[in-house]
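Engineer: coords below, sequence missing:
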């Protein structure tokens, strides 16, 4: 094979790879589809733990509130969420539904149309069973703003009742991802 034909075959190969890369990027970085989890969990900052029981969940809850989402992270959320949808630092559904009743500690809206809410847990239910907690614990909730429409958003100090899928975030903690607007309620 002469060098011209060899070079052309390599170029054709990279054109095909380039098309695949562009297609993946368009899927991953398209506007928020409110993907709450990925079946393609590739890796995260911390290895995804094996979580199968209520005790496993209890062992992975935070005893301090998460660091707040920085302005920079909120600004680039539309980009980073694309990677999360691909499974890179992404979310993995652990196979349980969760319901949290508690007080909002902090919130942050990101450019990916997600609204992050960190909650001090008063009550936590897993698959409708109350989980007994021995001390103050915290959990993060990621709400898709496109699903809430005109509902009032939780704000710092609000009492909330939020339910959804329990997922492992590749950043190293559990989150609840509501799947419908009626899963997010403010308590008066």
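Structural biologist: That came through fine. Predicted, not measured: the structure shown is a model, and the values here were computed from it. Numbers count the residues shown, from 1 in each chain.

Engineer: residues near residue 184, how many?
Structural biologist: Neighbours of residue 184 under the rule other CB atoms under 10 Å: 23. Just so you know, the C-beta spots here come from the backbone N, C-alpha and C atoms, and that holds for glycine as well.

Engineer: please name the bridge partners of it.
Structural biologist: Counting by DSSP bridges, residue 184 forms beta bridges with residue 162.

Engineer: what sits against it?
Structural biologist: Residue 184 makes contacts with 143, 148, 151, 154, 160, 162, 178, as judged by CB atoms under 8 Å, 6 or more residues apart in numbering.

Engineer: pLDDT wise, what is it at?
Structural biologist: Reading off the per-residue confidence, residue 184 sits at a pLDDT of 94.

Engineer: now, which of the contacts of residue 184 lie within strands?
Structural biologist: Filtering the contacts of residue 184 for membership in strands, criterion DSSP state E, returns 143, 160, 162.

Engineer: in TSV: these, plus pLDDT and neighbour count.
Structural biologist: Written out in TSV, the entries for the ones in strands among the contacts of residue 184 read as follows (pLDDT from 0 to 100; neighbours: other CB atoms under 10 Å):
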residue	pLDDT	neighbour count
143	92	26
160	97	19
162	97	23
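
Engineer: all strands for this structure, in order.
Structural biologist: Listed in chain order, the strands found in the chain under DSSP E are 91-109, 114-126, 129-130, 138-144, 159-169, 173-177, 184-187.

Engineer: buried stuff in the fifth one?
Structural biologist: Put plainly, it is strand 159-169. Of the residues in strand 159-169, 160, 162, 163, 164, 165, 166, 167, 168, 169 count as buried by neighbour count, 16 or more other CB atoms under 10 Å.

Engineer: so what sits opposite the last one in the bridge?
Structural biologist: For residue 169, the residues forming beta bridges with it (DSSP bridges) are residue 91, residue 173.

Engineer: hmm, back to that, nearest to residue 76, of the buried residues of strand 159-169?
Structural biologist: Taking CB to CB as the measure, residue 76 sits nearest to residue 169 out of these, at 16.4 Å.

Engineer: pLDDT score for that closest one?
Structural biologist: At residue 169 the predicted local confidence, pLDDT, stands at 85.

Engineer: could you do residue 25 as well?
Structural biologist: According to the predicted model, the pLDDT of residue 25 comes to 48.

Engineer: likewise for residue 133?
Structural biologist: The model reports residue 133 with a pLDDT of 95.

Engineer: okay, now the domains of the chain?
Structural biologist: Recorded structural domains for the chain (assignment: automatic domain parsing) are 1-30, 32-187.

Engineer: weakest of those domains by average pLDDT?
Structural biologist: Out of the domains of the chain, the stretch the model trusts least by mean pLDDT is domain 1-30, with a mean of 52.

Engineer: returning to what we had before: what is the nearest of the contacts of residue 184 to residue 94?
Structural biologist: Among these, residue 178 lies closest to residue 94 (CB to CB), at 15.6 Å.
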